[in-house]
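>>> Sequence first, predicted coordinates after that:
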Number of protein chains: 2
Amino acid sequence: MAKHRLGGQTVKLENPPCILSRATIVGKKEGQGPLGEYFDVVLEDDLWGEKTWEKAECRMYQEAAKMAITRAGKQPQDINYLFGGDLLNQIITANFAARTLGIPFFGLYGACSTLTESMSLGAMLISAGYADLVLCVTSSHFCTAERQYRFPLEMGTQRPPTAQWTVTGAGAFLLSNDMKPPYITHITTGKVIDYGITDTNNMGAAMAPAAAATIKAHFEDTQQGPDAYDLIVTGDLGWFGRELTIDLLKKEGYDISDRFIDCGCEIYSKDQDVHAGGSGCGCSAVVFGAYILRKMEEGVYKRILLLSTGALLSTTSCQQGESIPGIAHAITIDMDRG
Amino acid sequence: MAKHRLGGQTVKLENPPCILSRATIVGKKEGQGPLGEYFDVVLEDDLWGEKTWEKAECRMYQEAAKMAITRAGKQPQDINYLFGGDLLNQIITANFAARTLGIPFFGLYGACSTLTESMSLGAMLISAGYADLVLCVTSSHFCTAERQYRFPLEMGTQRPPTAQWTVTGAGAFLLSNDMKPPYITHITTGKVIDYGITDTNNMGAAMAPAAAATIKAHFEDTQQGPDAYDLIVTGDLGWFGRELTIDLLKKEGYDISDRFIDCGCEIYSKDQDVHAGGSGCGCSAVVFGAYILRKMEEGVYKRILLLSTGALLSTTSCQQGESIPGIAHAITIDMDRG
């Protein structure tokens, strides 16, 4: 077996890379939520001076990337690889931002799992000696996602209680081989899991089985249970998906309920009328980047398991009667290098 | 600098992985072209018994993947990672095929550059000891691409001379750490390059600057010129893009014209009425997998540079007045392990 594999779906990094710097930019609504004070930039309006929402999302993506680079005292030409993606058709946000940044680019599509997908690949390349600096960036925007996946915003379509609200936000993370906590120590790569959900307004239920499967695989591969972590964090399951994940893992013999949060449940308050919580690539990126990493630096959490979670659908696949499978990738973030 | 970097955009693999097996499936028109005899499966019609073209593309993707696995005497559960993507919104082909295969999955979007993007990442993970077996799969389908990017096929829209024909085809490549040529020895990762092309019927011109930039970077990083290769192969520049690439590299002091082919120029004959040639993720996958690897095994070519080339656009980005940038990733394939 390959020397760094623990078996199953998990690898242990021989030279755990660190998260050297990061930056988060969010929309007005996210700024008004309970985590508002933690974000680096809160937009006053979702167009940010651009002519279209798509161009505004691309600007958020670029500016977050540049901010993470600058904060580490680096230049774009110092960065070996950019890994990134977003929710839009042909990931135009990531592609057009990569054009401006001029960094060798690997485009990803993992729906809302893109953050931990990008960090998994970036961390492996640094640990193996293929790169010194890798930038991981992802974003979503309520207005671009809503009109692409669902309805024109002008229709004011009603949303059921299981619907989630796509986060307007971008998060950028610069990974390096420096000795500066926190470190990325383990990577568990998800499989595509399908429980047959067909309701596009119930993404939490579509993603929960994938989140539970990856958490279970991680525990088995590392021969650890929930106790090994101070916190287990999922990306955007929302309130319904969070409960489902707890239940699915209880059936497997793991109780994570006392140390489990979902970024989609944290980013908005209940009175912000977002129904089941936040979603989107940007959700786990900004909550992890702004809030959870801050709490790790403050000593509140020492070791966490982070899973971004994606629902894999397109308007075409839904129109053709396909169900909505999910995927989740897990990474261990540790203040110790292990 | 990270130990395996040659500088610039290139890494040299310390343990070059091999292409252990591969499989190619193409549509009827591709089977009627000059390379028809080389493909593993030629479909009799582009629906392949499915209800939609999208489901037919997904079936091609899955069957190519399974064939590559079976030919190596392996099972899906032996494969550590699946890297793949396609041209459809939210890469539904790759996602739904990954659901069936049950292999830990990294979804990519690199437009038609996806083949060498997937092989770059897969080869690095094997060389570094994170994986023993990685499967790289990509596909395209004329009917799914045409109706998504351009017009309903039923309209019979006329196409200008610079337009290319999306290849109906899927190619799968199983990479491993076995000692069996050919090997992947070097990886040069592309940047997003934009020369301001806005004509969606001239993808060759949009991608040529990216191809030329990555070839130049590869020559500079490895301190070699065209002489180091028996053949330089691009993905789907077509006749116009091929000429542009030769011209752009001549200006940089490199003449590749006597050893340069483009898969988009090889797959159809001039009398098949495809105008500027073939395109799509499947184009470089099936031409490389079926024809070029066969010629390497027969001793015709010993060392080649393969670049898949992608045009980065969406219908939304074009409608919003954006130009079409390109990207190209290069890998060195060598019958010697180096």
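That came through fine.

>>> So which residues of the stretch 1-150 of chain A form strands?
Shown for the stretch 1-150 of chain A, the strands assigned by DSSP state E, counting those that start in this stretch span residues A:5-7, A:10-12, A:18-26, A:41-42, A:81-85, A:105-107, A:133-140.

>>> Out of those strands, which is closest to B:Pro152?
Among the strands of the stretch 1-150 of chain A, the nearest to B:Pro152 by Cβ to Cβ is strand A:105-107 (27.7 Å). In short, each C-beta sits where N, CA and C put it, glycine included.

>>> quick check, the closest one touching chain B?
Yes. Using Cβ under 8 Å from any Cβ of the partner chain, we find that strand A:105-107 touches chain B at A:105-107.

>>> for that strand, packing partners?
Secondary-structure packing of strand A:105-107 (3 or more Cβ pairs under 8 Å, 6 or more residues apart in numbering or on different chains; DSSP states H and E): strand A:81-85, helix A:92-101, helix B:114-127.

>>> Pick the one among the residues of strand A:105-107 next to chain B closest to chain B.
Minimum distance to chain B across the residues of strand A:105-107 next to chain B is 4.7 Å, recorded for A:Gly107 (Cβ to the nearest Cβ).

>>> got a list of what that closest one touches?
A:84-85, A:91, A:94-95, A:98, B:108-110, B:117, B:312, B:327 (Cβ atoms under 8 Å, 6 or more residues apart in numbering or on different chains).

>>> And for the closest residue to chain B within the stretch 1-150 of chain A, nearest residue in space, chain neighbours not counted?
Closest residue of the stretch 1-150 of chain A to chain B, Cβ to the nearest Cβ: A:Ala128 (3.4 Å). Excluding its sequence neighbours, the residue lying closest to A:Ala128 (Cβ to Cβ, 6 or more residues apart in numbering or on different chains) is B:Ala128, at 3.4 Å.

>>> For that neighbour, list the residues it contacts.
A:4, A:124, A:127-130, B:15.

>>> next one: A:Ile304
Contacts for A:Ile304 (Cβ under 8 Å, 6+ apart) come out as A:229-233, A:292, A:296, A:332-334.

>>> same thing but at 10 Å, please
In this structure, A:Ile304 makes contact with A:182, A:229-233, A:259, A:261, A:288, A:292-293, A:295-296, A:331-335, judged by Cβ atoms under 10 Å, 6 or more residues apart in numbering or on different chains.

>>> where in chain A is pLDDT low?
Along chain A, the model assigns pLDDT under 70 to no residue.

>>> if you go through it in chain order, where are the helices?
A:28-31, A:53-71, A:92-101, A:114-127, A:142-149, A:203-222, A:238-251, A:263-266, A:281-286, A:293-297, A:315-319 (DSSP state H).

>>> ok so, going back, would you list the contacts of A:Gly107 in JSON lines and tack on neighbour count and distance to B:Cys265?
Shown next, in JSON lines, are the contacts of A:Gly107 (neighbours: other Cβ atoms under 10 Å in any protein chain shown; distance: Cβ to Cβ, whole Å):
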{"residue": "A:Gly84", "neighbour count": "32", "distance to B:Cys265": "32"}
{"residue": "A:Gly85", "neighbour count": "29", "distance to B:Cys265": "31"}
{"residue": "A:Ile91", "neighbour count": "28", "distance to B:Cys265": "28"}
{"residue": "A:Ala94", "neighbour count": "33", "distance to B:Cys265": "30"}
{"residue": "A:Asn95", "neighbour count": "30", "distance to B:Cys265": "26"}
{"residue": "A:Ala98", "neighbour count": "28", "distance to B:Cys265": "28"}
{"residue": "B:Leu108", "neighbour count": "29", "distance to B:Cys265": "25"}
{"residue": "B:Tyr109", "neighbour count": "31", "distance to B:Cys265": "25"}
{"residue": "B:Gly110", "neighbour count": "29", "distance to B:Cys265": "21"}
{"residue": "B:Glu117", "neighbour count": "32", "distance to B:Cys265": "22"}
{"residue": "B:Leu312", "neighbour count": "32", "distance to B:Cys265": "22"}
{"residue": "B:Ile327", "neighbour count": "32", "distance to B:Cys265": "20"}
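
>>> on that earlier part again, output the helices and strands packed on strand A:105-107 as CSV; include the columns distance to A:Met67.
Converted to CSV, the helices and strands packed on strand A:105-107 look like this (distance: least, Cβ to Cβ, whole Å):
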stretch, distance to A:Met67
strand A:81-85, 14
helix A:92-101, 12
helix B:114-127, 27
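
>>> Please identify which of those is closest to B:Ala210.
The nearest among the helices and strands packed on strand A:105-107, by Cβ to Cβ, is helix A:92-101 at 10.3 Å.

>>> now for that closest one, which elements pack on it?
Counting contacts by 3 or more Cβ pairs under 10 Å, 6 or more residues apart in numbering or on different chains; DSSP states H and E, helix A:92-101 packs against helix A:53-71, strand A:81-85, strand A:105-107, strand A:133-140, strand A:169-176, helix B:315-319, strand B:326-334.

>>> ok so, going back, now, which of the residues of strand A:105-107 next to chain B sits nearest A:Thr214?
A:Phe106 (21.4 Å).

>>> Give the closest residue to that closest one in space, chain neighbours not counted.
A:Phe83 (5.1 Å).

>>> list the contacts for the one you found?
Taking Cβ under 10 Å, 6+ apart as the test, what A:Phe83 contacts is A:94, A:103, A:105-108, A:114-115, A:117-122, A:125, A:134-138, A:173, A:175, B:121.

>>> my read: A:Gly277 touches A:Gln164, true?
Yes. Counting by Cβ atoms under 10 Å, A:Gly277 does reach A:Gln164; the two are 5.4 Å apart.

>>> How much space separates the residue of the stretch 1-150 of chain A closest to chain B from A:Ser120?
13 Å (Cβ to Cβ, to the nearest Å).

>>> same thing with A:Leu306?
Taking Cβ to Cβ, one finds A:Leu306 at 10 Å from A:Ser120.

>>> No more questions from me, cheers.
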